[in-house]
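Undergrad: For reference, the sequence and a predicted model appear below.
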Amino acid sequence: MKNKGQTKRITAALCTAVILFSSASCNLSIPKDQDGSLVVIPLTTLESTAAGNAVEPEPTEATTAEPLEAPPAMPEPQYPNVLTGELEILDASNLLPLAVVVDNCSAALESQSGILESDVLYETLVAPGVTRFLSIYADYRTTGVISNLRSARASDLKIAAQYGAVLACNGYHSSSDSENDFLSVRSALGNSAYINTMREPAWTSESSELLGTIRRFDGSGRSDISYETLLTPEAIEYVLASQKYSEFTKSGGTFEGEVKNAPVFSDQPIAGKGAERVTLTFTASGGDTALVKSVSFGYNEESGKYARYEGFRPHTDSETGEQLEFSNVLALLTDVKYVDGDSDENP
């Protein structure tokens, strides 16, 4: 888990089709006798003599409390994060990043988590008026709980491939157009390994929450999907150890390797003008063009970051209650076309 005291810089990038973002406690020790009973130390009053000299009180037996041991010091961050340049405690230079497809429709916000811990965050349009996130983490071991995973698009594969990241998703999107078909693009990219939570046997039990959970909805929850998937570091470790049963490991999947196209960092700021608020509108040609989605980012002078809003509503993490904030916001404009008749894979 991440050190909560450590500030993490998150880079966000947005576009309109492939849209890119980024008390110390006091312990009281009570003296005790050898038999374990408390030792009572009486209060002694000083007696005065006629000469005004004080009479020394007789010493009383009492056990001396041992000095408290100082808590072990936290190790100093010393390893550069390959995606942000921030110093981290764990060395992840030999690990591939993790890229996770996260639901961002309005119904998913109440159980959405893990985005605050991402190092780079992409937001892309997947349907008229609907976006999803691709959360990228330099070190899967420190992610915490990520929810809710949804099916991946071919564009998610392409973005993940730029970093050499392992893509985690809950199914994938099929299309008659080979350029937008998940499996066709995966083949063109060299059959890059990915974790499909629908295919992992470790996640078929409702009781395995520590690993990653697929939960069926009974009608009281969301009605637009059949599954909700959580992803945790424990789940990934289980997959890596399941050489016989995991689709990921059987296909040669691994997190060992060097990051591709790692950003080059500089202390020199990029020239430009300040912006107190940035508003982005997602639209697509074809389909119901009346369905649009607007998000905005307001600059927070206290934190020096941009706070995200879904419309006019602060976008918060369901577990921590913290509003999503980003050190940098990049908007990439691209053409988006709605293709009717495509479907998500549902085994």
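TA: Structure's in. What do you need? Residues are numbered from 1 along each chain as shown.
Undergrad: Please identify which helix or strand holds I270.
TA: Taking DSSP states H and E as the criterion, I270 maps to no regular element, lying outside all helices and strands.
Undergrad: Number the residues from 8 up from this point.
TA: Okay, residue one is now 8; in that scheme the one you just asked about reads as I277.
Undergrad: And for it, the neighbour number?
TA: Each residue near I277 was counted by other Cβ atoms under 10 Å, and the total is 6. Any C-beta I mention is one placed from the backbone N, CA and C, and that applies to glycine too.
Undergrad: Kindly report the same for the one 4 residues further on.
TA: A count of neighbours around G281, defined by other Cβ under 10 Å, yields 5.
Undergrad: now swap in the one 4 residues further on and tell me
TA: By other Cβ under 10 Å, the residues close to V285 number 15.
Undergrad: Now for it: which residues touch it?
TA: Going by Cβ atoms under 8 Å, 6 or more residues apart in numbering, V285 touches S303, F304, Y313, V336, A338.
Undergrad: List the contacts of the first one.
TA: By Cβ under 8 Å, 6+ apart, the residues touching S303 are R284, V285, T286, L287, R315, Y316, G318.
Undergrad: So what sits opposite the second one in the bridge?
TA: Applying DSSP bridges to V285 yields these beta-bridge partners: F304.
Undergrad: how close does it sit to F333?
TA: V285 sits 10 Å away from F333 when distances are taken as Cβ to Cβ, to the nearest Å.
Undergrad: Overlap in contacts, the two.
TA: Residues within reach of V285 and of F333 at once, by Cβ under 8 Å, 6+ apart, are F304, Y313.
Undergrad: In three-state terms, label S199 for me.
TA: Following DSSP: H, G, I helix; E, B strand; the rest coil, the label given to S199 is coil.
Undergrad: I'd assumed I166 was in contact with it.
TA: No - with contacts counted by Cβ atoms under 8 Å, S199 stays clear of I166, the gap being 11.9 Å.
Undergrad: Strands of the stretch 58-207 of the chain, start to end?
TA: Chain-ordered strands for the stretch 58-207 of the chain, with DSSP state E, counting those that start in this stretch as the definition, fall at 86-87, 94-95, 105-110, 127-134, 137-144, 153-156, 173-176, 180-181, 201-203.
Undergrad: rewinding a little: of the contacts of V285, which count as buried by neighbour count?
TA: Buried by 16 or more other Cβ atoms under 10 Å: S303, F304, Y313, V336, out of the contacts of V285.
Undergrad: Could I get the contacting residues of the second one?
TA: This points to F304. By Cβ under 8 Å, 6+ apart, F304 lies in contact with A19, R284, V285, T286, Y313, A314, R315, Y316, F333, V336.
Undergrad: Please, a ChimeraX command that selects the buried ones among those residues?
TA: Here is the ChimeraX command that selects only those of the contacts of F304 that count as buried (16+ other Cβ under 10 Å):
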select :19,313,314,315,316,333,336
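Undergrad: okay if I get the contacts of F304 as a markdown table plus pLDDT?
TA: What follows is the contacts of F304, written out as a markdown table (pLDDT from 0 to 100):
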| residue | pLDDT |
| --- | --- |
| A19 | 43 |
| R284 | 91 |
| V285 | 91 |
| T286 | 92 |
| Y313 | 95 |
| A314 | 96 |
| R315 | 95 |
| Y316 | 94 |
| F333 | 93 |
| V336 | 90 |
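Undergrad: where does the stretch 158-307 of the chain dip in pLDDT?
TA: Where the stretch 158-307 of the chain drops to pLDDT under 70, the residues are 208-235, 293-296.
Undergrad: sorry, back to before: for the strands of the stretch 58-207 of the chain, which one sits closest to E254?
TA: Each of the strands of the stretch 58-207 of the chain has some distance to E254 by Cβ to Cβ; the shortest is strand 201-203, at 6.4 Å.
Undergrad: Return the closest of the contacts of V285 with respect to S191.
TA: Proximity to S191 was ranked across the contacts of V285 by Cβ to Cβ; first place goes to A338, at 28.6 Å.
Undergrad: That closest one against T286, yeah?
TA: No - when contacts are counted by Cβ under 8 Å, A338 is not listed as touching T286 (10.2 Å).
Undergrad: quick one, helices of the protein?
TA: In the chain, the segments counted as helices under DSSP state H are 161-170, 189-195, 240-248, 254-257.
Undergrad: re earlier: E265: which of the contacts of S303 is nearest?
TA: E265 lies nearest to R315 out of the contacts of S303, by Cβ to Cβ, at 31.3 Å.
Undergrad: wouldn't the closest one be in contact with F333 here?
TA: Yes - R315 is in contact with F333 according to Cβ under 8 Å; the separation is 6.9 Å.
Undergrad: on that earlier part again, can you check which of the helices of the chain gets nearest to E117?
TA: Sorting these by Cβ to Cβ, the top spot, which is the nearest, belongs to helix 240-248 at 21.6 Å.
Undergrad: And the closest one, what does it pack against?
TA: In terms of contacts (3 or more Cβ pairs under 8 Å, 6 or more residues apart in numbering; DSSP states H and E), helix 240-248 is packed against helix 254-257.
Undergrad: how does it look with 10 Å?
TA: With contacts taken as 3 or more Cβ pairs under 10 Å, 6 or more residues apart in numbering; DSSP states H and E, helix 240-248 sits against strand 173-176, strand 201-203, helix 254-257.
Undergrad: Check the separation of the first and last residues in stretch 256-269.
TA: End-to-end distance of stretch 256-269 (Cα to Cα, to the nearest Å): 25 Å.
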